[in-house]
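A.B. asks: Here you go, sequence then predicted model.
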Amino acid sequence: MEHVASTPERSLVHHPDFRRLWVADALAQVGAQLTALALPVYAVTTLGATALQMGYLTSAQTAAFLVVGLPAGAWVDRMRKRSVLIWADVIRGLVLAAVVVLASVGLGSMPMLYAAGLVISVATVFFDVAHLSYVPGLVGLSKVSEGNTKLQATYSVAAVAVPAVGGSLLKVLAAPVLIGVNVVTYFASVGFLARIRKVETLPPKDSHLPLGPAIAEGLRFITRTPMLNRLVYSTG
(Lines give C-alpha, C1' and ligand atoms only; values in the text may rest on other atoms or scores of the structure.)
Protein backbone atom coordinates (compact mmCIF):
# COMPACT_ATOMS: atom_id res chain seq x y z
CA MET A 1 0.00 0.00 0.00
CA GLU A 2 1.44 3.32 -1.05
CA HIS A 3 1.67 6.19 1.37
CA VAL A 4 1.17 9.63 -0.08
CA ALA A 5 3.50 12.10 1.56
CA SER A 6 1.65 15.08 3.00
CA THR A 7 2.57 18.44 1.59
CA PRO A 8 4.09 20.65 4.29
CA GLU A 9 2.25 23.89 4.92
CA ARG A 10 3.94 26.93 3.46
CA SER A 11 5.40 29.53 5.77
CA LEU A 12 3.62 32.85 6.18
CA VAL A 13 6.65 34.36 4.47
CA HIS A 14 4.85 33.28 1.28
CA HIS A 15 1.53 34.87 2.33
CA PRO A 16 1.34 38.25 0.49
CA ASP A 17 -1.06 39.97 2.89
CA PHE A 18 0.81 38.78 5.96
CA ARG A 19 4.09 40.01 4.47
CA ARG A 20 2.54 43.44 4.06
CA LEU A 21 1.31 43.39 7.66
CA TRP A 22 4.71 42.16 8.84
CA VAL A 23 6.63 44.93 7.07
CA ALA A 24 4.11 47.55 8.23
CA ASP A 25 4.41 46.30 11.80
CA ALA A 26 8.22 46.39 11.61
CA LEU A 27 8.15 49.99 10.39
CA ALA A 28 5.67 50.99 13.09
CA GLN A 29 7.74 49.27 15.81
CA VAL A 30 10.84 51.11 14.60
CA GLY A 31 8.84 54.33 14.76
CA ALA A 32 7.61 53.62 18.29
CA GLN A 33 11.13 52.95 19.53
CA LEU A 34 12.49 56.09 17.84
CA THR A 35 9.70 58.15 19.41
CA ALA A 36 10.49 56.83 22.88
CA LEU A 37 14.12 57.83 22.32
CA ALA A 38 13.93 61.09 20.37
CA LEU A 39 11.22 62.97 22.30
CA PRO A 40 13.04 62.85 25.68
CA VAL A 41 16.36 63.74 24.02
CA TYR A 42 14.73 66.76 22.34
CA ALA A 43 13.15 67.75 25.65
CA VAL A 44 16.49 67.71 27.49
CA THR A 45 18.92 69.01 24.87
CA THR A 46 16.75 71.69 23.27
CA LEU A 47 14.05 72.59 25.78
CA GLY A 48 16.17 72.15 28.92
CA ALA A 49 13.59 69.92 30.63
CA THR A 50 13.91 69.45 34.39
CA ALA A 51 13.72 66.06 36.11
CA LEU A 52 10.09 66.75 37.07
CA GLN A 53 9.18 67.68 33.49
CA MET A 54 10.81 64.50 32.23
CA GLY A 55 8.65 62.58 34.67
CA TYR A 56 5.56 64.25 33.25
CA LEU A 57 6.68 63.43 29.71
CA THR A 58 7.32 59.78 30.54
CA SER A 59 3.89 59.59 32.19
CA ALA A 60 2.25 61.11 29.12
CA GLN A 61 3.97 58.56 26.88
CA THR A 62 2.73 55.62 28.95
CA ALA A 63 -0.53 56.78 30.58
CA ALA A 64 -2.77 55.43 27.83
CA PHE A 65 -1.67 51.84 28.49
CA LEU A 66 -3.15 52.13 31.98
CA VAL A 67 -6.15 54.34 31.22
CA VAL A 68 -7.49 52.98 27.91
CA GLY A 69 -5.75 49.60 27.69
CA LEU A 70 -8.80 47.61 28.83
CA PRO A 71 -11.56 49.35 26.83
CA ALA A 72 -9.30 49.48 23.75
CA GLY A 73 -9.49 45.70 23.40
CA ALA A 74 -13.29 45.71 23.49
CA TRP A 75 -13.49 48.66 21.07
CA VAL A 76 -11.08 47.09 18.58
CA ASP A 77 -13.23 43.93 18.52
CA ARG A 78 -16.01 46.09 17.08
CA MET A 79 -13.80 47.70 14.40
CA ARG A 80 -12.00 46.69 11.23
CA LYS A 81 -8.50 45.95 12.44
CA ARG A 82 -6.72 47.24 9.33
CA SER A 83 -8.51 50.57 9.63
CA VAL A 84 -7.45 50.83 13.27
CA LEU A 85 -3.82 50.13 12.30
CA ILE A 86 -3.87 52.69 9.49
CA TRP A 87 -5.46 55.42 11.59
CA ALA A 88 -3.06 54.76 14.48
CA ASP A 89 -0.09 55.22 12.15
CA VAL A 90 -1.60 58.29 10.49
CA ILE A 91 -2.26 59.94 13.86
CA ARG A 92 1.23 59.18 15.15
CA GLY A 93 2.81 60.42 11.93
CA LEU A 94 0.81 63.67 11.89
CA VAL A 95 1.49 64.42 15.56
CA LEU A 96 5.22 63.91 15.13
CA ALA A 97 5.19 65.97 11.93
CA ALA A 98 3.61 68.80 13.94
CA VAL A 99 6.36 68.44 16.56
CA VAL A 100 9.03 68.70 13.85
CA VAL A 101 7.42 71.80 12.30
CA LEU A 102 6.99 73.57 15.64
CA ALA A 103 10.54 72.68 16.66
CA SER A 104 11.94 74.01 13.37
CA VAL A 105 10.33 77.42 13.89
CA GLY A 106 11.34 77.65 17.55
CA LEU A 107 7.87 77.03 19.00
CA GLY A 108 8.64 73.76 20.75
CA SER A 109 7.58 73.53 24.39
CA MET A 110 7.12 70.96 27.11
CA PRO A 111 3.28 71.24 27.08
CA MET A 112 3.45 70.50 23.35
CA LEU A 113 5.50 67.36 24.08
CA TYR A 114 3.10 66.29 26.84
CA ALA A 115 0.18 66.54 24.44
CA ALA A 116 2.09 64.78 21.67
CA GLY A 117 3.20 61.98 24.00
CA LEU A 118 -0.35 61.45 25.26
CA VAL A 119 -1.94 61.30 21.80
CA ILE A 120 0.81 59.02 20.50
CA SER A 121 0.44 56.68 23.47
CA VAL A 122 -3.32 56.34 22.86
CA ALA A 123 -2.71 55.57 19.17
CA THR A 124 0.01 53.07 20.12
CA VAL A 125 -2.34 51.21 22.48
CA PHE A 126 -4.87 50.77 19.66
CA PHE A 127 -2.13 49.72 17.22
CA ASP A 128 -0.69 47.16 19.63
CA VAL A 129 -4.11 45.66 20.35
CA ALA A 130 -5.16 45.56 16.69
CA HIS A 131 -2.00 44.20 15.07
CA LEU A 132 -2.12 40.90 16.99
CA SER A 133 -5.90 40.48 16.89
CA TYR A 134 -5.79 41.08 13.12
CA VAL A 135 -3.71 37.94 12.51
CA PRO A 136 -6.40 35.20 12.94
CA GLY A 137 -8.74 36.74 10.40
CA LEU A 138 -5.90 37.45 7.99
CA VAL A 139 -4.10 34.09 7.93
CA GLY A 140 -6.50 31.61 9.57
CA LEU A 141 -6.47 29.99 13.00
CA SER A 142 -3.96 27.31 11.98
CA LYS A 143 -1.33 29.99 11.33
CA VAL A 144 -1.98 32.26 14.33
CA SER A 145 0.96 30.91 16.33
CA GLU A 146 3.43 31.42 13.48
CA GLY A 147 2.07 34.88 12.70
CA ASN A 148 2.20 36.08 16.30
CA THR A 149 5.68 34.63 16.72
CA LYS A 150 6.97 36.59 13.73
CA LEU A 151 5.35 39.82 14.91
CA GLN A 152 6.65 39.39 18.46
CA ALA A 153 10.14 38.62 17.16
CA THR A 154 10.00 41.83 15.14
CA TYR A 155 9.05 43.78 18.25
CA SER A 156 11.91 42.21 20.22
CA VAL A 157 14.48 43.02 17.54
CA ALA A 158 13.22 46.60 17.27
CA ALA A 159 13.29 47.05 21.06
CA VAL A 160 16.95 45.98 21.18
CA ALA A 161 18.37 47.36 17.94
CA VAL A 162 16.57 50.67 17.37
CA PRO A 163 17.65 52.44 20.60
CA ALA A 164 21.26 51.49 19.88
CA VAL A 165 21.11 52.68 16.28
CA GLY A 166 19.08 55.75 17.23
CA GLY A 167 21.56 56.67 19.96
CA SER A 168 24.38 56.51 17.44
CA LEU A 169 22.42 58.64 14.97
CA LEU A 170 21.81 61.28 17.63
CA LYS A 171 25.55 61.90 17.71
CA VAL A 172 25.34 63.32 14.18
CA LEU A 173 21.66 64.27 13.85
CA ALA A 174 19.53 66.68 15.88
CA ALA A 175 16.59 65.07 17.70
CA PRO A 176 13.96 66.80 15.48
CA VAL A 177 15.63 65.28 12.41
CA LEU A 178 15.36 61.81 13.95
CA ILE A 179 11.71 62.54 14.74
CA GLY A 180 11.30 63.42 11.05
CA VAL A 181 12.69 59.99 10.15
CA ASN A 182 10.10 58.56 12.49
CA VAL A 183 7.33 60.36 10.57
CA VAL A 184 8.51 58.62 7.40
CA THR A 185 8.41 55.17 9.04
CA TYR A 186 4.81 55.65 10.15
CA PHE A 187 3.56 56.75 6.74
CA ALA A 188 5.55 53.97 5.04
CA SER A 189 3.73 51.57 7.36
CA VAL A 190 0.41 53.05 6.22
CA GLY A 191 1.43 52.38 2.61
CA PHE A 192 1.98 48.67 3.26
CA LEU A 193 -1.23 48.32 5.29
CA ALA A 194 -3.22 49.97 2.51
CA ARG A 195 -2.03 47.26 0.09
CA ILE A 196 -3.53 44.39 2.10
CA ARG A 197 -6.23 42.93 -0.12
CA LYS A 198 -8.25 40.68 2.17
CA VAL A 199 -11.58 42.25 3.12
CA GLU A 200 -12.50 41.98 6.78
CA THR A 201 -15.97 40.85 7.76
CA LEU A 202 -17.26 42.38 10.95
CA PRO A 203 -19.39 40.19 13.25
CA PRO A 204 -23.05 41.25 13.66
CA LYS A 205 -23.50 44.14 16.07
CA ASP A 206 -25.91 42.14 18.21
CA SER A 207 -23.18 39.55 18.85
CA HIS A 208 -21.16 42.01 20.96
CA LEU A 209 -21.57 42.34 24.69
CA PRO A 210 -21.89 45.88 26.06
CA LEU A 211 -18.52 47.47 26.77
CA GLY A 212 -18.53 46.91 30.55
CA PRO A 213 -19.47 43.20 30.47
CA ALA A 214 -17.05 42.63 27.57
CA ILE A 215 -14.16 44.04 29.63
CA ALA A 216 -15.24 42.00 32.66
CA GLU A 217 -15.41 38.82 30.58
CA GLY A 218 -11.89 39.43 29.27
CA LEU A 219 -10.56 40.01 32.77
CA ARG A 220 -12.19 36.81 34.03
CA PHE A 221 -10.62 34.85 31.19
CA ILE A 222 -7.18 36.26 32.00
CA THR A 223 -7.42 35.66 35.73
CA ARG A 224 -8.56 32.05 35.19
CA THR A 225 -5.77 31.26 32.70
CA PRO A 226 -2.50 30.76 34.62
CA MET A 227 -0.15 31.53 31.74
CA LEU A 228 -1.98 34.73 30.81
CA ASN A 229 -2.37 36.10 34.33
CA ARG A 230 1.34 35.55 35.03
CA LEU A 231 2.21 37.46 31.85
CA VAL A 232 -0.13 40.29 32.83
CA TYR A 233 1.26 40.50 36.38
CA SER A 234 4.83 40.47 35.06
CA THR A 235 4.14 43.18 32.48
CA GLY A 236 2.24 45.28 35.02
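C.D. replies: Cool, got the structure. Numbering: from 1, shown residues only.
A.B. asks: same for the longest helix belonging to the chain, what does it pack against?
C.D. replies: If you go by DSSP state H, the chain has its longest helix at helix 16-45. Packing partners of helix 16-45 (3 or more Cβ pairs under 8 Å, 6 or more residues apart in numbering; DSSP states H and E): helix 51-67, helix 81-104, helix 110-133, helix 135-139, helix 144-169, helix 175-194. From N, CA and C alone the C-beta is placed, and that goes for glycine too.
A.B. asks: how about the last one: buried residues?
C.D. replies: Judged by neighbour count using 16 or more other Cβ atoms under 10 Å, the buried positions of helix 175-194 are 175-183, 185-190, 192-193.
A.B. asks: and what of the fourth one?
C.D. replies: With burial defined by 16+ other Cβ under 10 Å, the residues of helix 135-139 counted as buried are V135, L138, V139.
A.B. asks: pLDDT wise, what is the last one at?
C.D. replies: pLDDT recorded at V139 is 88.
A.B. asks: Am I right that it is in contact with H15?
C.D. replies: Yes: V139 is in contact with H15 according to Cβ atoms under 8 Å; the separation is 6.0 Å.
A.B. asks: Tell me where the model's unsure across this structure.
C.D. replies: Across the chain, the ranges flagged by pLDDT under 70 are 1-9, 206-208.
A.B. asks: distance between the ends of stretch 104-118?
C.D. replies: 21 Å (Cα to Cα, to the nearest Å).
A.B. asks: Oops, could you answer that again for stretch 198-211 instead?
C.D. replies: The first-to-last residue distance of stretch 198-211 comes to 28 Å (Cα to Cα).
A.B. asks: Give me the residues contacting that stretch.
C.D. replies: Applying Cβ atoms under 8 Å, 6 or more residues apart in numbering, the external contacts of stretch 198-211 come out as 17, 71, 74-75, 77-82, 137-138, 214, 217.
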